[in-house]
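Visitor: Fold the following for me, if possible:
(chains A and B)
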Protein chains: 2
Amino acid sequence: MRRQFLAFATMNLILLDEEDFVTDSRVCLIGRRRDHILNVHRAVIGDELRVGLLNGLMGCGRILSVTDQGLEIETSLDQQPPEPLAVTLLLALPRPKMLRRILQSVSSLGVKKMFLINSYRVDKSFWGSPVLQSEKLQEQLVLGLEQGIDTILPEIHLCPRFKPFVEDRLPDIVRGTTAYVAHPGVESACPHDFNKPATLAIGPEGGFIPYEVEKLQNCGFIPISLGERILRVETAVPVLLSRLI
Amino acid sequence: MRRQFLAFATMNLILLDEEDFVTDSRVCLIGRRRDHILNVHRAVIGDELRVGLLNGLMGCGRILSVTDQGLEIETSLDQQPPEPLAVTLLLALPRPKMLRRILQSVSSLGVKKMFLINSYRVDKSFWGSPVLQSEKLQEQLVLGLEQGIDTILPEIHLCPRFKPFVEDRLPDIVRGTTAYVAHPGVESACPHDFNKPATLAIGPEGGFIPYEVEKLQNCGFIPISLGERILRVETAVPVLLSRLI
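Guide: Just a heads-up that it's a prediction; the model follows:
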């Protein structure tokens, strides 16, 4: 009897990169992924696992050997990753601990383009957090891909200055999409099942300040709310994405 | 200039209980709420805050005095709390750390009835966690009410035995509702904007086992999925609730 107890994020897909390949189809894994396959999946020689190449195809892998040096898997990659979510996310930089969880959930939900932006209510110290180093960001996004069964790494852009971002870059970002800004207290509700390309801006805890909402509105953003209740950012992100898609 | 930096959950409503009242309309707060009002809201004498009585009305409070002994607020409670969410939630007991966050988010979203149930893939040790003590559960639910601006404490029921729960109690729970069980891989998608009384069952990481899904189906539950992606429980909960409501 094999039970799959999952320490933290679930590795529903073993994500490979080019460097893991020792032949055209065979990989040798060490470290975190090897340990997870052996200790969490409790996989043994001959077992099949779902695998995928970062930014490439997904498929099946069969465990060939397990040694202290590594775990060898024969892969066969022939499936396309799932369709990306047609939502570009603008998120006022949350505090680092919450950012990590949000990155994972956003990545598992299939968001492929995300801008971490500044806002008056973003604590300036957050911009100095080591979580924003690109390899740390990638680490969280990869956890989300492994969870959500996807291979396409989301793009993240750091935009520590609100005004130049909104004035110089945002018009290009929103082009061809319907743009919404979540703003508690406004009348119009977040649409259900919108299912067309969208840009979604979510403010910090406490919300965007009126000046910021106005700047976003000048750029075509429609303020929407989720009713009377005010949600934490990490709850609002999946709630809003789920409504739109 | 007063900025509202928020350490953790946002206290968008100061939740009072009967014991806080020193006269019919005046409360004296000490501890966590006093500190939050002074240090996070940076409120001063004369400021107005949103307040609410646990399981009662909401309204406005004006700060009368601040001393080391406590913070006195004159309250005027005349508003109904928001409508409860018409979804009863059945959740396979998650690991304690995740449970805390889920309780907060579920409470902030307006769920008022929740059953933490067992499942084959729930680690038995989770049932021994101190988080399940009723005062600890209430602590997290209160944080969610303060965040979501609501006063009605959700009911939580602990159901550590799956079969007796499903056979003896579940038929009464689902009566008058449409019941859904989230089960990755099934064809039918979670409905959008369902907006009628519903019961929603969400399994553990790794999902309910087929026997459990069958037992739920016998009780009238309809398996639904969220597409190809597999979400962590703490992401799936807001995503599914948001779809239904």
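
Visitor: If I follow the layout properly, residue A:143 ends up in contact with residue A:104?
Guide: Yes - counting by C-beta atoms under 8 Å, residue A:104 is a contact partner of residue A:143 at 5.0 Å. In this view, the C-beta of every residue, glycine as well, is placed from N, C-alpha and C.

Visitor: Show me how chain A divides into domains.
Guide: A:14-79, A:87-244 (automatic domain parsing).

Visitor: Turn those into a markdown table, columns for mean pLDDT.
Guide: Below are these laid out as a markdown table (pLDDT from 0 to 100):
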| stretch | mean pLDDT |
| --- | --- |
| domain A:14-79 | 94 |
| domain A:87-244 | 95 |
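
Visitor: any idea which of those is most buried?
Guide: Of all these, domain A:87-244 carries the top mean neighbour count, a mean of 19, counting by mean count of other C-beta atoms under 10 Å in any protein chain shown.

Visitor: Briefly note if it comes near chain B.
Guide: Yes - with C-beta under 8 Å from any C-beta of the partner chain as the criterion, chain B is reached by domain A:87-244 at A:101, A:104-105, A:108-110, A:120-121, A:123, A:147-150, A:192-193, A:205-206, A:227-232, A:234-235, A:238-243.

Visitor: what's the span of that domain from first residue to last?
Guide: 8 Å (C-alpha to C-alpha, to the nearest Å).

Visitor: now it, how far from the centre of its chain.
Guide: Remark: domain A:87-244 is offset 11 Å from the chain centroid, using C-alpha atoms, centre = their mean, to the nearest Å.

Visitor: just stretch A:32-39 next, same as before
Guide: Worked out by C-alpha atoms, centre = their mean, stretch A:32-39 lies 22 Å from the chain centre.

Visitor: Please enumerate the helices of chain A.
Guide: A:31-39, A:96-109, A:134-148, A:162-164, A:170-174, A:210-218, A:233-244 (DSSP state H).

Visitor: can you pull out the strands in chain A?
Guide: A:14-16, A:26-29, A:48-53, A:58-67, A:70-79, A:87-92, A:113-117, A:155-159, A:178-182, A:198-202, A:222-224 (DSSP state E).

Visitor: picking up where we left off before, quick one: which of the helices of chain A is nearest residue A:71?
Guide: helix A:31-39 (4.4 Å; C-beta to C-beta).

Visitor: follow-up on the earlier one: adding distance to residue B:22, write the helices of chain A out as JSON lines.
Guide: Below are the helices of chain A laid out as JSON lines (distance: least, C-beta to C-beta, whole Å):
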{"stretch": "helix A:31-39", "distance to residue B:22": "56"}
{"stretch": "helix A:96-109", "distance to residue B:22": "37"}
{"stretch": "helix A:134-148", "distance to residue B:22": "48"}
{"stretch": "helix A:162-164", "distance to residue B:22": "45"}
{"stretch": "helix A:170-174", "distance to residue B:22": "52"}
{"stretch": "helix A:210-218", "distance to residue B:22": "37"}
{"stretch": "helix A:233-244", "distance to residue B:22": "35"}
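
Visitor: what's the closest of the domains of chain A to residue B:162?
Guide: Going by C-beta to C-beta, the one of those nearest residue B:162 is domain A:14-79, 22.8 Å.

Visitor: give the contact list for residue A:86.
Guide: With contacts defined as C-beta atoms under 8 Å, 6 or more residues apart in numbering or on different chains, residue A:86 is in contact with A:177, A:195-198, A:245.
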